[in-house]
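Asker: coordinates only, sequence not included:
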């Protein structure tokens, strides 16, 4: 943002143009990031108004407030739709919910969505399907290997810890089947189950 003390009315009209702001918001995938951006722009606008520009139209501030309220409601609805009772028994499993939740957790973690973690869409689909089968009590391929991009371990642990807590009551430390599944990944290959558990525990505490 330019120094608000030295911008003229024309520059302010460009900076605080809601249709232009709306187009920018449409390019931001995560609701949380849209809200952060809106709050920053709104703060700049209010600072500009307070610097002897009281005559500047206040409609921009009003439209920002409406957009913020709308995004907060959308976020609340998304959280409600993802609320679900934890379960361990296959007869209580909603497979489509499990799959959609897993996809959602990967996509919400980073602006690049699943592309931040995976080398290809096929890799992403294969891992989602394997996790879905695991959490729905179905058999998974014991020899299937999953490739990830380098340097995504911290965020991956955060995502996996969140997914696990949502679907399993079994303590992670004793869930050898899940830890074995993760040993078949490029991130955790040649790692002991205790090392994987420790990494996932760090992700839980972030």
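Answerer: That came through, no problem. From a predicted model like this one, the values you see are computed outputs, not experimental measurements.

Asker: what's the longest helix anywhere in the chain in contact with?
Answerer: In the chain, assigned by DSSP state H, the helix with the most residues is helix 59-82. Residues from elsewhere that reach helix 59-82, judged by C-beta atoms under 8 Å, 6 or more residues apart in numbering: 16-18, 21-22, 25, 31-32, 34-35, 38-39, 41-42, 45-46, 49, 101, 104. Where you see a C-beta, it was placed from the backbone N, CA and C, and this is true even at glycine.

Asker: since we're on residue 157, how many residues are nearby?
Answerer: 23 (other C-beta atoms under 10 Å).

Asker: Doesn't it belong to a helix?
Answerer: Yes - assessed by DSSP: H, G, I helix; E, B strand; the rest coil, residue 157 belongs to a helix.

Asker: Residue 68 versus that one, what's the distance?
Answerer: Distance, residue 157 to residue 68, using C-beta to C-beta, to the nearest Å: 32 Å.

Asker: Same check on residue 164?
Answerer: 33 Å.

Asker: of the two, who's got more company?
Answerer: residue 164 (19 against 15).

Asker: Quickly find the element holding the more buried one.
Answerer: helix 153-167 (DSSP states H and E).

Asker: what about that helix, average pLDDT?
Answerer: Averaging pLDDT along helix 153-167 gives 90.

Asker: Going forward, the N-terminal residue is numbered 12.
Answerer: Sure, I'll start numbering at 12, so the last one becomes helix 164-178.
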